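Student: Here you go, sequence then predicted model.
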Amino acid sequence: MTRRWSLREPASDAGARDVAARMWARGGRAVRSRRDGLQRQGGRLDRARDGRREGRRGDDGGREQPMVPRAEFASYYGRPVLKPPVWNDDIAYYFFLGGLSAGCSLLGAGADQTGRPALRRGTRLAALGSIAAGSYYLIHDLGRPERFHHMLRVIKPTSPMSVGTWIIAAYGPAAGLAAISELLPDGVRRTALGRVVDALARPAGLAAAGLAPAVASYSSVLLSQTAVPAWHEAHEELPFIFTASAAASAGGLGMIVAPVDQAAPARRLAMFGAIVELAASRRLEGRLGLVGEPFRTGEAQRELERAGMLTAVGVLGSMLLGRRSRTVAALSGVALLAGGVYERLGLVHAGIASAKDPKYTVVPQRERITRRERDDGGSPEP
């Protein structure tokens, strides 16, 4: 038996199990079968795609069906978008007492220049006591006293906390020296040390008064430079609120410690501070829109309403009857002080509430993006 030899090489698809894959099958039957199958499959895909386009639309009106539910501003994988501040009411008391001390230093320096000894003595002592109490609340909130010392290791001009720490460090000794001169007994005052303290009291009081505006306002910069929505968006009003509230509180304390005939500067300072504080607070609540909701709802709203009411009562009492009655003047001063405390509590609690709700972070961001794209002539992404 003779073997027949052939020079033709076997096809590369010989023995393939998939008949449709035999591209070189005899007679082209496999090719046509493969082509017909692809056409039928393509037709089914086209009809299914058209059905989806006609029958289903996304939540935003588009043709694409979203693969995940529409986002709700609740959390980011179970976590808040922003980490809320860990501050408690100690920080609000620190803000209030720091502003009160600054205002008292300003009043004390003016009283020293104009010959009002009762007002000078009372405000100088109040300035030292307030800054000491405020430092206690600050250190208590930090948890460890050495942390305040650690902040003095560096000077960082771009950090409001670092700048504020150094302002307090410079202000405290000046206010303290002015107050110590008021406590010297007559026997000590006649000694060489007493004469030196007396000579330095006025320059120290003026130095403390020069630093007072920074002491009263730096905490507002500290708040507005954070990512907390309510504080950050209120950066235009917070400096006015903090400094004006400090002035109103210091004026109230001046009406308490000084007799009526020496308390005229305190009454004028309280009136000016109360008017500016109330006006800036109303502007803040009306300007911020959605981000201003924490100031108008919940615990912060109740505290800010009390602050406004007490401040208004205090300034009206000082203007109408405070010039004639020491009792009315003192009660008006107490109302102004209480209003300052509630003002700081309301501002702090509003900021913490805005950090806990993601909508105050996400919605303004989306509005800014849309506004920027509209101004640039583009269209926002869906």
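Tutor: Perfect, thanks for sending it.

Student: contacts and neighbour counts: CA atoms only from here.
Tutor: Fine.

Student: Any regions of the stretch 251-382 of the chain where pLDDT drops low?
Tutor: Along the stretch 251-382 of the chain, the model assigns pLDDT under 70 to residues 378-382.

Student: those helices in the stretch 201-350 of the chain, which residues are they?
Tutor: Using DSSP state H, counting those that start in this stretch, the helices of the stretch 201-350 of the chain run over residues 229-233, 238-257, 264-287, 293-296, 298-320, 326-356.

Student: I would like the residues contacting the shortest one, please.
Tutor: Translated: helix 293-296. 230, 285, 300-301, 304, 346-347, 350-351, 353-354 (CA atoms under 8 Å, 6 or more residues apart in numbering).

Student: Likewise for stretch 249-262?
Tutor: Contacts of stretch 249-262 with the rest of the structure, by CA under 8 Å, 6+ apart, involve 100-101, 103-104, 107, 116, 118-119, 122-123, 263, 265-270, 314, 322-326, 329-337, 339-340.

Student: ok so, going back, so which of the contacts of helix 293-296 is the most crowded?
Tutor: Tallying neighbours with other CA atoms under 10 Å puts A230 at the head of the contacts of helix 293-296, with 30 neighbours.

Student: Who's the closest spatial neighbour of that residue, skipping the chain neighbours?
Tutor: Nearest residue to A230, sequence neighbours excluded (CA to CA, 6 or more residues apart in numbering): G351, at 5.1 Å.

Student: Just list what the helix or strand hosting R372 packs against, helices and strands only.
Tutor: Mapping R372 onto the secondary structure by DSSP states H and E places it in helix 359-375. The helices and strands touching helix 359-375, judged by 3 or more CA pairs under 8 Å, 6 or more residues apart in numbering; DSSP states H and E, are helix 229-233.

Student: looking only at pLDDT, what's the mean for the helix it packs on?
Tutor: The pLDDT scores in helix 229-233 average 92.

Student: Skip the chain neighbours and tell me the closest residue to the residue nearest in space to the middle of the chain.
Tutor: With distances taken as CA atoms, centre = their mean, the chain has W231 as the residue nearest its mean C-alpha position (2.6 Å). Closest residue to W231 in three dimensions, ignoring its sequence neighbours and counting by CA to CA, 6+ apart: S224, at 4.9 Å.

Student: can you tell me how far the residue nearest to the centre of the chain sits from S159?
Tutor: W231 is 16 Å from S159, where distance means CA to CA, to the nearest Å.

Student: swap in A209?
Tutor: From A209 to S159 the distance is 23 Å (CA to CA).

Student: Settle it for me: which of the two has more neighbours?
Tutor: A209 (25 against 13).

Student: what's the neighbour count on the nearest residue to that one once chain neighbours are set aside?
Tutor: Nearest residue to A209, sequence neighbours excluded (CA to CA, 6+ apart): L106, at 4.6 Å. Each residue near L106 was counted by other CA under 10 Å, and the total is 25.

Student: does L106 sit in a helix, a strand or a coil?
Tutor: L106 falls in the helix class when you classify it by DSSP: H, G, I helix; E, B strand; the rest coil.

Student: Who are the contact partners of it?
Tutor: Neighbouring residues of L106 by CA under 8 Å, 6+ apart: 208-210, 212.

Student: for P84, same thing?
Tutor: Listed by CA under 8 Å, 6+ apart, the contact partners of P84 are 228, 352-353, 355-356.

Student: export these to a markdown table and tack on distance to V196?
Tutor: Formatted as a markdown table, the contacts of P84 follow (distance: CA to CA, whole Å):
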| residue | distance to V196 |
| --- | --- |
| V228 | 48 |
| I352 | 48 |
| A353 | 51 |
| A355 | 52 |
| K356 | 54 |
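
Student: Give me the residues contacting stretch 202-209.
Tutor: Applying CA under 8 Å, 6+ apart, the set of residues contacting stretch 202-209 from outside is 102, 105-106, 108-109, 112, 171-172, 174-175, 177-178.

Student: In helices only, show me the residues you listed.
Tutor: With DSSP state H as the criterion, helices contain 102, 105-106, 108-109, 112, 171-172, 174-175, 177-178 from among those.

Student: Just the buried residues out of those, in ChimeraX syntax.
Tutor: Applied in ChimeraX, the following selects the buried portion of those according to 16 or more other CA atoms under 10 Å:
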select :102,105,106,108,109,112,171,172,174,175,177,178
